[in-house]
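Asker: Whatever this is, show me its structure:
(chains A and B)
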Amino acid sequence: MARSDGNAILTVIVAGVLLAAAVWISRSAYDATRDRIAMNERARLVARLNSVLDPALLGRDLTTTRLAYTDAELLGSANPVDVFVITDRGRPVATVIASIAPHGYNAPIDLLVGIGADGRISGVRAVRHRETPGLGDMIDRARSAWIDQFRGKALLDPPGGAWHVKQDEGQFDSITGATVTSRAVVAAVRNALLYFDQHRDDLYRAAAEAAATEHDPEP
Amino acid sequence: MTPSPDSARTAAATPWRENRALVQLLALSPLLAVTTSVVNGLALGLATLAVLLVTNTTLSLVDSWVLPRFRTPLFVLVAAAVVTAIDLLCNALFDDLHEALGLYLALIVANCALLARADTAAARLPVLHAVLAGIATGLGALGTLVLIGGLRELVGHGTLLAGASMLLGPRAAGFELDAHFAGVLVAVLPPGAFLCMAALLAIRARLARPRPTPPP
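Answerer: Residues are numbered from 1 along each chain as shown, chains lettered A, B, ... in the order given. Have a look, this model is predicted:
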């Protein structure tokens, strides 16, 4: 069969049919996967929050309230940052701040800083970063345990002057070959503690109000 | 003695127009960033194969009705729809893998558009041939991505098939091989992709070249 080169009218018809098919495929895929994707995201968030909480809290019937605050200086972003207040039957037991270390080596580093009701850090994780593989990516808990050194620390423990890496007369180990990354994370963790210290009552009040208006038992 | 203008033009055009390697290198470049492991390469390769198969088949079916200059836009439209569906399905079914691949799964559209350009000669094939051409090109891309991924993973991390369970389920967790050495960092950095690519091309060129005849 000899093939023609087509014509304008047929081209428009074919383009219309393909466009309709493309819309239908995208729409069907979206509808079919929406619930599952939302579930995955929720599971990922719960797993991440749990990774920075005091293990003693896990397994209890906790309520998580998601708040958002903006503080370019202490939370590291000009945009709102998630702050999760976790309560156990109305009593705040932990706060997780999704703060950002703006001075990562390649890009800002997204952190989760878990802070107990006593103001001590229960855990820190770098959840999104673009640090150099083999060097700066040692902040990733999957690569090394470096980030565990913050557990148990508080705003005044070590005292303010020691909230630096050892090269800067501070107390924290830095990653060999990734001093810039280490400095960025230490400063951001301290800033998150500072933010928590200054806004603790506001956070707890906002969480209590949110809990009073809606009953959303998660995670 | 000057060559005739015609043969000069042909000679000059050959390395440029006929250089499929160059065109196909360009076609792979959007995907080089995340081919740092066998599993990533396998996932991207399978997605590329599926996209090429569907687009080749569809376009071969409608080809004789469509004005030639509208083929590429229609190709991109079909490819975008398929990639969107694959991206969403991957996000729903292989969540960890989707997280590892990030934006690059969606970039397959760009990758396939370039591969399709390399295949313009195949655009006018009958349906069955177009399907086979799609499978062949897709398998070529799949093999290349898995090879580059494997080479980078082995040299860069000293492992093979790490994270196989992300794609193949929990039973694949035991597939991982560990060569027990720390790895050479540059292999998993972006330049490593091009070094691996260069190594593969060199090996291929060496294998394709006839043996030099020994001097008498």
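Asker: Flag every residue of chain B that's near chain A.
Answerer: Counting by CB under 8 Å from any CB of the partner chain, chain B comes close to chain A at B:58, B:62-68, B:70, B:74, B:77-78, B:80-82, B:84-85, B:88-89, B:91-93, B:95, B:99, B:124, B:156, B:183, B:185, B:188-189. To be clear about C-beta, it is placed using only N, CA and C from the backbone, and glycine gets the same treatment.
Asker: Tell me the helices and strands packed up against the longest strand seen in chain A.
Answerer: For chain A, the strand that runs over the most residues, judged by DSSP state E, is strand A:77-88. Packing partners of strand A:77-88 (3 or more CB pairs under 8 Å, 6 or more residues apart in numbering or on different chains; DSSP states H and E): strand A:63-71, strand A:91-97, helix A:179-213.
Asker: Ok, which of those comes nearest chain B?
Answerer: Chain B lies closest to helix A:179-213 among those, at 15.0 Å (CB to the nearest CB).
Asker: Give me the residue at the spatial middle of chain B.
Answerer: B:A141 (3.1 Å; CA atoms, centre = their mean).
Asker: Need the phi and psi values for it.
Answerer: B:A141 has phi and psi values of phi -70, psi -40 when expressed as degrees, to the nearest 10.
Asker: Confirm for me that it is in contact with B:V51.
Answerer: No: between B:A141 and B:V51 there is no contact under CB atoms under 8 Å: 9.8 Å.
Asker: Can you list the strands that the longest strand of chain A pairs with?
Answerer: Strand pairing for strand A:77-88, determined by DSSP bridges: strand A:63-71 (antiparallel), strand A:91-97 (antiparallel).
Asker: now the first one: mean pLDDT?
Answerer: The predicted model gives strand A:63-71 an average pLDDT of 92.
Asker: and what of stretch B:204-216?
Answerer: 71.
Asker: Compute the distance between A:L53 and B:W65, please.
Answerer: Distance check for A:L53 against B:W65: by CB to CB, to the nearest Å, it reads 61 Å.
Asker: higher neighbour count, those two?
Answerer: More neighbours surround A:L53 than the other of A:L53 and B:W65, with 21 against 16 (other CB atoms under 10 Å in any protein chain shown).
Asker: In contact with that one, which residues?
Answerer: Counting by CB atoms under 8 Å, 6 or more residues apart in numbering or on different chains, A:L53 touches A:I86, A:A94, A:V96, A:G114, A:S122, A:G123.
Asker: Can you confirm whether the helix or strand containing A:I37 lies near chain B?
Answerer: Applying DSSP states H and E as the criterion places A:I37 in helix A:8-51. Yes: using CB under 8 Å from any CB, helix A:8-51 reaches chain B at A:8, A:10-11, A:13-15, A:18-19, A:21-23, A:25-26, A:28-30, A:32-33, A:36-37, A:40, A:43-44.
Asker: and that helix with strand A:63-71, angle?
Answerer: Counting by axes from the mean of the first three to the mean of the last three CA atoms, to 10 degrees, helix A:8-51 lies at 110 degrees to strand A:63-71.
Asker: just how off-centre is helix A:8-51 within its chain?
Answerer: Centroid separation for helix A:8-51 versus its chain: 25 Å, with CA atoms, centre = their mean, to the nearest Å.
Asker: name the helices or strands packed onto it?
Answerer: So helix A:8-51, by 3+ CB pairs under 8 Å, 6+ apart, packs with strand A:109-116, strand A:121-128, helix B:38-62, helix B:71-93, helix B:95-101.
Asker: just to revisit the earlier point, deepest in the core, which of the helices and strands packed on strand A:77-88 is it.
Answerer: Counting by mean count of other CB atoms under 10 Å in any protein chain shown, strand A:91-97 has the highest mean neighbour count of those, with a mean of 22.
Asker: Could you please name the strands the helix or strand following that strand pairs with and the direction of each pair?
Answerer: Next helix or strand after strand A:91-97 toward the C-terminus (DSSP H and E): strand A:100-101. Its sheet considered, strand A:100-101 pairs with strand A:109-116 (antiparallel) by DSSP bridges.
Asker: Residue 86: what's it in contact with?
Answerer: Since you didn't name a chain, this refers to chain A. Listed by CB under 8 Å, 6+ apart, the contact partners of A:I86 are A:L49, A:L53, A:L57, A:L62, A:T63, A:T64, A:T65, A:P92, A:V93, A:A94, A:T95, A:V96.
Asker: not quite, I wanted chain B
Answerer: B:A47, B:A50, B:V51, B:L105, B:I108.
Asker: Would you format those residues as a markdown table with distance to A:S174 and pLDDT included?
Answerer: As requested, the contacts of B:I86 are exported to a markdown table (distance: CB to CB, whole Å; pLDDT from 0 to 100):
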| residue | distance to A:S174 | pLDDT |
| --- | --- | --- |
| B:A47 | 40 | 90 |
| B:A50 | 45 | 90 |
| B:V51 | 45 | 88 |
| B:L105 | 35 | 86 |
| B:I108 | 39 | 83 |
